[in-house]
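Chemist: please work out how this folds:
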Amino acid sequence: MSLTDTATLKNGVKMPQVGLGVYKMEDGNEVVKAVKSALDLGYRHIDTASFYDNEEGVGQAILESKIPREELFITTKVWNDEQGYEETLQAFDRSLNKLGIEYLDLYLIHWPVGGKYKETWKALEKLYKDGKVKAIGVCNFMEHHLEDLIKDAEVKPMVNQVEFHPELYQKDLAEYCRQNEIQLEAWAPLGRGKYFDAAILKELADKYNKTPAQIILKWDLQHGIVTIPKSSNKDRQAQNADLYDFELTDEEIQQINELHKDNRIGFHPDEFNS
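Modeler: Numbers count the residues shown, from 1 in each chain. Just a heads-up that it's a prediction; the model follows:
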């Protein structure tokens, strides 16, 4: 197993199971350096968004890496104030232009806000049918948002990227996505480091000679969840990728599941409307 391991989406597209998230990385030197170091380490999945305002830097790093485009999996997202049919088509063109690439591997609706996500989804369906994006999906959608979207959709979402970590173990949502062949993807998988001192994580880190962060990322993978930890530090990026020489037992996975406290770092999707 390695960073080249993939999850297969409903339409057959292969999505690397571990990627690099670039939220809050500054455009320019910081994000260029971070993406290039990740690509040097073997990462092939980069996750950005128009809201992050660093798509140009991501694109520059891709260009300078000289890695063939078809070996990369690039995700970006349409922000809340860009939603709507025509608005989304224009937002997509802006993102593609900033990234300097000819197609996207995955395009996501960033949040289910403003009552426009169905119009936005129609635009994503068009982009998908036109071959401009290999897969389409959503972020931060709960079951009721997904059901509302799916009932009128021609193409079902292939990915749902949500906040997911041991203190927010969204078990019911994960099961719903599994039953509907929607790949769940974790943002903030490490909970921004807020609970690394949990006893079970320390115990397992000692047992496997790993860090608490590595234990959590392995927990994601063994749940079948794609994970995109953020780090601009090359050594940390290497640690986040060093997940393939150990396996958690079913009992250990259950012990980590029990860290769930319904604690969110970000907004609750039903309460975020800006």
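
Chemist: now do the strands in the stretch 51-200 of the chain.
Modeler: Applying DSSP state E, counting those that start in this stretch to the stretch 51-200 of the chain gives strands spanning 73-78, 104-109, 133-139, 159-163, 183-187.

Chemist: the second one pairs with which strands?
Modeler: Based on DSSP bridges, the strands next to strand 104-109 in the sheet, each with its direction, are strand 73-78 (parallel), strand 133-139 (parallel).

Chemist: pick the most buried one from the ones you listed.
Modeler: For these, the largest average neighbour count (mean count of other C-beta atoms under 10 Å) is found in strand 73-78, namely a mean of 26. C-beta here means a position set from N, CA and C on the backbone, and glycine is covered the same way.

Chemist: let me know whether residue 176 touches residue 144 as I believe.
Modeler: No. At 10.0 Å, residue 176 and residue 144 do not qualify as touching, with contact defined as C-beta atoms under 8 Å.

Chemist: which one of those two has more residues nearby?
Modeler: Neighbours were counted for residue 176 and for residue 144 using other C-beta atoms under 10 Å; residue 176 has more, 17 against 11.

Chemist: how near is that one to residue 150?
Modeler: Distance of residue 176 to residue 150, computed by C-beta to C-beta, to the nearest Å: 11 Å.

Chemist: longest helix in this protein, please.
Modeler: The residue-count maximum for a helix in the chain (DSSP state H) belongs to helix 85-99.

Chemist: list the buried residues for that one?
Modeler: Within helix 85-99, the residues that count as buried by 16 or more other C-beta atoms under 10 Å are 85, 87-89, 91-92, 95-96, 98-99.
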